[in-house]
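Enquirer: Let me see the structure of the following:
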Amino acid sequence: MRDLDSTPAGLSIEILAWYDQHARDMPWRTGPADRALGIRPDPYRVWLSEVMLQQTTVAAVKDYFQRFTARWPRVEDLAAAQDADVMGEWAGLGYYARARNLLKCARVVTAEHDGRFPEHYEGLLTLPGIGPYTAAAIASIAFDQPETVLDGNVERVMARLHDIHDPLPGSKPALKAEAAALTPQNRPGCYAQAVMDLGATICTPKNPACGICPWRDPCAARRAGTAQDLPKKTPKKPKPTRLGIVYLARASDGTWLLERRPEKGLLGGMLGWPGAEWGDTATPMPPFEANWQLLAGEVRHTFTHFHLILQVMHADLPKGHNPPDNHELISRHAFKPTDLPTVMRKAFDLWQGR
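Expert: As a prediction, the model looks like this:
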């Protein structure tokens with residue numbers, strides 16, 4: 001390892017040199033070699049990847065990203081897509097408000113910005129679904145603006161580099177200040193991705209590989225022997241458990257009865273199985289009178305703020321059934337279990353395996 005200038009400028013130069021050799025290859029990324037040739041990142045792909053990566057892993061996102069960009073290669077294509085098609089492609093990624101905001105943002109960029117994303121942080125913040133982190137990431141990565149990008153990986157690297165023991169989330173301002181001090185004017189987009197890559201591949205949550213880290217020498221937590229313990233986090237409250245019942249009804253010709261959930265709220269705008277709201281007790285609310293049968297087993301699923309346990313009832317869908325406005329009849333040919341939210345697909349899998 002070279003002698004290291006431990007000033008902010010020296011640290012930035014060191015990690016950029018490391019990134020040029022070790023950058024992760026990702027389908028949405030313009031690598032350092034391409035950037036050196038003057039190839040600029042596509043803001044649409046940067047934005048799409050950042051929205052998909054919110055609270056989701058890189059491994060989970062890659063296939064979704066490839067499908068989205070193959071089907072809708074430009075922001076104008078996504079803006080013109082049918083809501084149901086986008087929600088269907090999103091199914092399984094979770095946090096469905098992101099998909100609704102994805103469409104809203106694509107349509108605003110297309111209609112009000114001529115298909116071009118604003119280049120600066122303040123302009124990006126005006127778009128639907130784009131908050132401070134995402135605006136900073138797009139401005140930095142797509143447009144080389146020297147914005148401070150602070151995701152979980154960067155927080156961990158900063159906490160260890162400076163041996164900060166105040167727990168998250170309260171320590172975010174201090175960690176952001178340290179990250180801002182290191183963000184260079186030259187190649188800020190590559191720098192942001194370099195620190196994220198460092199956290200993802202070397203400065204990992206468990207067993208960090210300090211021996212090969214480009215910031216090994218100046219890392220205060222390594223010298224103090226506390227790297228393994230950082231960042232500290234305020235203990236989370238236990239998640240409550242909610243209960244519910246879903247009703248699967250299928251006609252003899254293979255037609256299914258599904259319910260369109262309200263636009264706002266959990267799984268907003270998605271098709272799923274009819275049933276009452278989930279709560280402390282499982283409230284029966286069949287969509288029509290029938291000889292409903294309880295399936296053996298149950299569906300268990302965990303959302304951000306609670307655990308869910310569902311009972312699954314099934315019955316034959318009567319011929320000529322006239323559903324209410326929020327219910328839809330989906331033909332055998334149009335029904336795709338993969339378009340269902342994960343929790344609803346689990347209920348279908350339970351029915352299929354009965």
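Enquirer: going forward, measure contacts and count neighbours with C-alpha atoms only.
Expert: Will do.
Enquirer: my guess is residue 165 meets residue 234, correct?
Expert: No - using CA atoms under 8 Å as the test, residue 165 is too far from residue 234 to be in contact (11.1 Å).
Enquirer: what about the two, which has more around it?
Expert: residue 165 (16 against 10; other CA atoms under 10 Å).
Enquirer: And for the residue lying closest to that one once chain neighbours are set aside, the neighbour number?
Expert: Excluding the flanking residues, the one nearest residue 165 by CA to CA, 6 or more residues apart in numbering is residue 232, at 6.1 Å. Neighbour count of residue 232, defined by other CA under 10 Å: 16.
Enquirer: quick one: low-confidence parts of this structure?
Expert: 1-5 (pLDDT under 70).
Enquirer: Walk me through the domains of it.
Expert: With domains defined by automatic domain parsing, the chain comprises 8-229, 241-352.
Enquirer: now the helices for the stretch 51-200 of the chain?
Expert: 58-71, 75-79, 83-90, 97-112, 121-125, 132-143, 152-161, 172-182, 188-201 (DSSP state H, counting those that start in this stretch).
Enquirer: State the next helix or strand along the chain beyond the last one.
Expert: Put plainly, it is helix 188-201. helix 220-224 (DSSP states H and E).
Enquirer: ok, and for that following helix, which residues are buried?
Expert: 220, 221, 222 (16 or more other CA atoms under 10 Å).
Enquirer: Contacts for it next, please.
Expert: 160, 161, 162, 163, 210, 216, 227 (CA atoms under 8 Å, 6 or more residues apart in numbering).
Enquirer: could you redo the last one with a cut-off of 6 Å?
Expert: Applying CA atoms under 6 Å, 6 or more residues apart in numbering, the set of residues contacting helix 220-224 from outside is 160, 161, 162, 163, 227.
Enquirer: Looking at those, state which has the most neighbours.
Expert: residue 227 (27 neighbours).
Enquirer: Can you name the residues that contact it?
Expert: 160, 221 are the contacts of residue 227 under CA under 6 Å, 6+ apart.
Enquirer: phi, psi of it?
Expert: phi -60, psi -40 (degrees, to the nearest 10).
Enquirer: Distance check, it against residue 336.
Expert: 47 Å (CA to CA, to the nearest Å).
Enquirer: now residue 325
Expert: Taken as CA to CA, the span from residue 325 to residue 336 is 21 Å.
Enquirer: returning to what we had before: any idea which of the domains of the chain is most buried?
Expert: Most buried of the domains of the chain, by mean neighbour count (mean count of other CA atoms under 10 Å): domain 8-229, with a mean of 18.
Enquirer: Residue 306 contacts residue 238, doesn't it?
Expert: No - at 8.6 Å, residue 306 and residue 238 do not qualify as touching, with contact defined as CA atoms under 6 Å.
Enquirer: so what's residue 275 closest to, chain neighbours aside?
Expert: Residue 275's closest residue in space is residue 246 (CA to CA, 6+ apart), at 4.8 Å.
Enquirer: before we move on, back to that, verify the stated contact: the residue nearest to residue 165 with residue 167.
Expert: Yes - in this structure, residue 232 is within contact of residue 167 by CA under 6 Å, at 4.4 Å.
Enquirer: rewinding a little: which stretch among the helices of the stretch 51-200 of the chain comes nearest residue 264?
Expert: Across the helices of the stretch 51-200 of the chain, residue 264 has its closest neighbour in helix 97-112 (8.1 Å, CA to CA).
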